[in-house]
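[1] Build me a model:
(2 chains)
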Protein chains: 2
Amino acid sequence: MTKQKINSKEEIELLGKKLVNQIEKGKNPEITFTLRNLSNIIYDKKTGTLKLGDKKGTRNFFNVAHAKKFLQTVEVASIIKKELLDSGKHEHLRGVFYISKRTIPGTNINILDEQVESDKAIEDLEVITGLSREQMHVSANKMGSMVGNVTLEDSGDTIDCSKLGRGGYSIPSITDELSFNKVSAKYILYMEKAAIFERLNEDKFWQKNNCILVTSQGQTTRGIRRLLQRLSDEENLPIYVLTDFDCWGFYIYSVIKYGSIALAHASERLTIPGVKFLGITADDVIKYDLKKHLIKLNEQDITRMKQVSEYEWFKDNKDWQRQLKMMKDFGAKAEIQALATKGISFISEVYLPTKIKNKEFID
Amino acid sequence: MTKQKINSKEEIELLGKKLVNQIEKGKNPEITFTLRNLSNIIYDKKTGTLKLGDKKGTRNFFNVAHAKKFLQTVEVASIIKKELLDSGKHEHLRGVFYISKRTIPGTNINILDEQVESDKAIEDLEVITGLSREQMHVSANKMGSMVGNVTLEDSGDTIDCSKLGRGGYSIPSITDELSFNKVSAKYILYMEKAAIFERLNEDKFWQKNNCILVTSQGQTTRGIRRLLQRLSDEENLPIYVLTDFDCWGFYIYSVIKYGSIALAHASERLTIPGVKFLGITADDVIKYDLKKHLIKLNEQDITRMKQVSEYEWFKDNKDWQRQLKMMKDFGAKAEIQALATKGISFISEVYLPTKIKNKEFID
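    Coordinates of the predicted model:
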């Protein structure tokens, strides 16, 4: 942790030193960074992740089109250095916005007016410095819970996630600074729905199957993605993603595995190529007689289905094309809660153990 | 806990026994309950809560207008008895919907088609039996975190909320079955925003000020309201609510204190008349020079301001009318994060300790 902080400070300072050096030499201050435009986002088949290409851009202080953004980037970098890294404290995106919203001295012009500007500056700084937002101590929404056979260290506290009752460990927005003490679990089950997490936790699924349960609510936060990635990398744990049979669920899986366009620059610290889909499939719908619990696709679902089926990583994958074709043929989606019609604990006692035993994953 | 379960079962069984008795006597089966219509919701000035009046309604099986709802109510009651209370398990609203969606034997008619029907049946059963939804083992969304000087028992685990790092205890959807072991805290600070919770937790505010921090995200869930009420009642702890200076924040406070129209029938188990508002006020905006961080009211804000100012409990309260008038004069609202402009830890080191010391609450 200490080592990481020193590096973050050094990287931010390096940016400042470069600029001072340019100014002292009488040059037009300039920042160079890899472009985050759509044209520079590529799907790397080798690593199986969305990432940035090689195109570079520059931003100059003495350039009418660049000056404001240049100033915003430097102001936010300075706040990160002075307010956050020096003190060891963390601040949310909204807080950083308020702090950087100050007026340029001697004028009545604000350095920035909208949060989107400071958010952009932070993302730019991720590309410029190579530091993640989390390493710069900037957080976003806190979400999600964890239970199971893992003991972790969080700010000096030792937390045994097998002794946290029905509630569990509330995952912080930044998970880079946690460390894993004792992990006896054999795999991680990550689920989109907290309702399913409560079902599996009440049934002590993690105890009977020696695993870890993690949930978010809807889309997976960066904090949870990083937590899952670290457990995968550092503890060598397989991760299975449990969602509904719909394109929103497929996309939740897709983001965890391949990354997303918006965060392509952060893929290295967030994606988990080894993750497997364990959610409801078209085959489950047939095998477990859930057809009468299907829900007709609405227009949004149909549009999303077309988009998802054309993403390169789904397009080239026979198993996914088969699922998407069956969804189209059904004209319908299914929710994981439909399994409750087979019995409240059917999911913990039959469905999941069977699928895991038979390795019925989609990759 | 065991005692409570037996009572729940008895109450549900009582409903069944009454119906069987009527049938055996050749009567038209009938359920009587207090009406939940708007016309029967009153604001009780004495207790300071929204609650149901005395108007009663009946539902008969042999009545074309009642038959379907009657059947749905009995079906859901039966699921609650057989699937949940008998097994000791809990199920979410969505799961109860799927289980009760079955076809009436010998027909192709579903007992119900939409979740709103099973949700209504559960609310009706709350009024009919006097049991809360939680006592019937039906849960809803899981949300929120807690840290601080409280140790609780959750399903056999002893959880010390002062040793849960940055994350905290993830609050379960049902909090009726928790018990409080050791509470050395002197008060509870409940906040609308998880970002502020993370700020105060990082600053160890709860340790320095001997309190408990609880957060939700936006509107407060039933689980959190019940948790706060129990801590207030059983441990005699004052509760302070920390929100933005806007009508959405005022309403979050209002629901915790007075209840809501939708849950007027459950007020007794959810409202906390003693709760005090500690959020941003118009006076704070002036005192701490936050005027330049005000955000102009939009149309929705203005509509909501009118509605809120006309609620009886706000209308009769000079302090609230003053706040609402100042908001109108500003033509603007303020976010709690604006305090970050005074320094990242200004909220923990100056703002909150000062307000609490000077008792700058709104009641």
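
[2] Could you use CA atoms for every contact and neighbour count after this?
    Will do.

[3] OK, contacts around the residue in the stretch 1-150 of chain A that chain B sits nearest to?
    The shortest separation between the stretch 1-150 of chain A and chain B is 4.9 Å, found at A:Ile99 (distances taken as CA to the nearest CA). Neighbour list for A:Ile99: A:Ile79, B:Ala340, B:Thr341 [criterion: CA atoms under 8 Å, 6 or more residues apart in numbering or on different chains].

[4] Run the contact check for the one helix or strand A:Ile224 maps to versus chain B.
    Using DSSP states H and E, A:Ile224 maps to helix A:222-235. No. Helix A:222-235 is not in contact with chain B by CA under 8 Å from any CA of the partner chain; minimum separation 11.2 Å.

[5] For the helix or strand following that helix, list the C-alpha coordinates in PDB.
    Proceeding N to C from helix A:222-235, the next assigned helix or strand is strand A:239-242, under DSSP H and E. What follows is strand A:239-242, C-alpha atoms only, in PDB (Å, rounded to 0.1, in the frame of the first residue of the first chain):
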ATOM      1  CA  ILE A 239     -15.100 -16.700 -11.500                       C
ATOM      2  CA  TYR A 240     -18.600 -17.600 -12.700                       C
ATOM      3  CA  VAL A 241     -21.100 -14.900 -13.600                       C
ATOM      4  CA  LEU A 242     -24.700 -15.500 -12.800                       C
END
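
[6] average pLDDT across strand A:239-242?
    For strand A:239-242, mean pLDDT rounds to 98.

[7] again, but for stretch A:295-306
    So the average pLDDT for stretch A:295-306 ends up being 97.

[8] Repeat that for stretch A:133-140.
    Computed over stretch A:133-140, the average pLDDT equals 96.

[9] Tell me where the model's unsure across the stretch 1-150 of chain A.
    Scanning the stretch 1-150 of chain A for pLDDT under 70 picks out A:1-6.

[10] Start from the N-terminal end of it and give the helices.
    Along the stretch 1-150 of chain A, the segments classed as helices by DSSP state H, counting those that start in this stretch run A:2-24, A:67-79, A:93-100, A:115-129.

[11] and these, which is most packed in?
    A comparison of the helices of the stretch 1-150 of chain A by mean neighbour count, using mean count of other CA atoms under 10 Å in any protein chain shown, puts helix A:93-100 on top with a mean of 23.

[12] Ramachandran coordinates for A:Gly343?
    Main-chain dihedrals, A:Gly343, degrees, to the nearest 10: phi 130, psi 140.

[13] can the contacts of A:Ile99 go into a markdown table with extra columns for distance to B:Asp284?
    Shown next, in a markdown table, are the contacts of A:Ile99 (distance: CA to CA, whole Å):
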| residue | distance to B:Asp284 |
| --- | --- |
| A:Ile79 | 25 |
| B:Ala340 | 14 |
| B:Thr341 | 14 |
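
[14] now, which of these sits nearest B:Asn181?
    B:Ala340 (35.6 Å; CA to CA).

[15] Residues of the stretch 1-150 of chain A that sit close to chain B?
    Taking CA under 8 Å from any CA as the measure of proximity, the stretch 1-150 of chain A contacts chain B at A:83, A:89-92, A:94-95, A:98-99, A:140-142, A:145.

[16] so which two of these are the farthest from each other?
    Using CA to CA, the two most remote members of the residues of the stretch 1-150 of chain A next to chain B are A:Ile99 and A:Ser145, lying 30.2 Å apart.

[17] Distance check, the residue nearest the centre of chain A against A:Arg269.
    Centroid-nearest residue in chain A: A:Arg222, 3.3 Å away (criterion: CA atoms, centre = their mean). Between A:Arg222 and A:Arg269 the computed distance is 9 Å (CA to CA, to the nearest Å).

[18] Can you classify A:Ile212 as helix, strand or coil?
    At A:Ile212 the chain is in strand, as set by DSSP: H, G, I helix; E, B strand; the rest coil.

[19] wait, what's in contact with it?
    A:Ile212 neighbours (CA under 8 Å, 6+ apart): A:Met146, A:Val147, A:Gly148, A:Asn149, A:Val150, A:Ala185, A:Tyr187, A:Ile188, A:Leu189, A:Trp206.

[20] May I see those residues organised as a markdown table, with neighbour count and distance to B:Gly16 added?
    Formatted as a markdown table, those follow (neighbours: other CA atoms under 10 Å in any protein chain shown; distance: CA to CA, whole Å):
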| residue | neighbour count | distance to B:Gly16 |
| --- | --- | --- |
| A:Met146 | 26 | 40 |
| A:Val147 | 28 | 38 |
| A:Gly148 | 28 | 40 |
| A:Asn149 | 23 | 43 |
| A:Val150 | 21 | 45 |
| A:Ala185 | 17 | 45 |
| A:Tyr187 | 22 | 45 |
| A:Ile188 | 23 | 43 |
| A:Leu189 | 22 | 40 |
| A:Trp206 | 23 | 37 |
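
[21] could you dump those to CSV with distance to B:Arg230?
    Formatted as CSV, these follow (distance: CA to CA, whole Å):
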residue, distance to B:Arg230
A:Met146, 25
A:Val147, 25
A:Gly148, 28
A:Asn149, 30
A:Val150, 31
A:Ala185, 35
A:Tyr187, 37
A:Ile188, 34
A:Leu189, 33
A:Trp206, 30
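
[22] who are the neighbours in contact with A:Ile280?
    Going by CA under 8 Å, 6+ apart, A:Ile280 touches A:Leu242, A:Thr243, A:Asp244, A:Phe245, A:Ala334, A:Glu335, A:Ile336.

[23] How about stretch A:170-182 and chain B, any contact?
    Yes. Shown here: stretch A:170-182 in contact with chain B (CA under 8 Å from any CA) through A:Ser170, A:Ile171, A:Pro172.

[24] Show me these that map onto strands.
    The strands, defined by DSSP state E, take in A:Ser170 from these.

[25] List the residues that contact A:Arg59.
    A:Arg59 touches A:Glu30, A:Ile31, A:Thr32, A:His66, A:Ala67, A:Phe70, counting by CA under 8 Å, 6+ apart.

[26] ok, which pair from those is furthest apart?
    The widest separation within the contacts of A:Arg59 (CA to CA) is 14.1 Å, between A:Thr32 and A:Ala67.

[27] is it true that the residue nearest to the centre of chain A touches A:Leu270?
    Yes. Using CA atoms under 8 Å, A:Arg222 is in contact with A:Leu270, at 7.1 Å.

[28] Check the contact lists of those two and give me the overlap.
    In contact with both A:Arg222 and A:Leu270: no residue, using CA under 8 Å, 6+ apart.

[29] A:Arg225: how many residues sit nearby?
    Other residues near A:Arg225 come to 21 when the count uses other CA atoms under 10 Å in any protein chain shown.

[30] per-residue confidence at it?
    97.

[31] Need the nearest residue in space to it, chain neighbours excluded.
    A:Leu270 (5.6 Å; CA to CA, 6 or more residues apart in numbering or on different chains).

[32] now the one you found: how far from B:Lys46?
    As judged by CA to CA, A:Leu270 and B:Lys46 stand 55 Å apart.

[33] Who has more neighbours out of those two?
    A:Leu270 (27 against 6).
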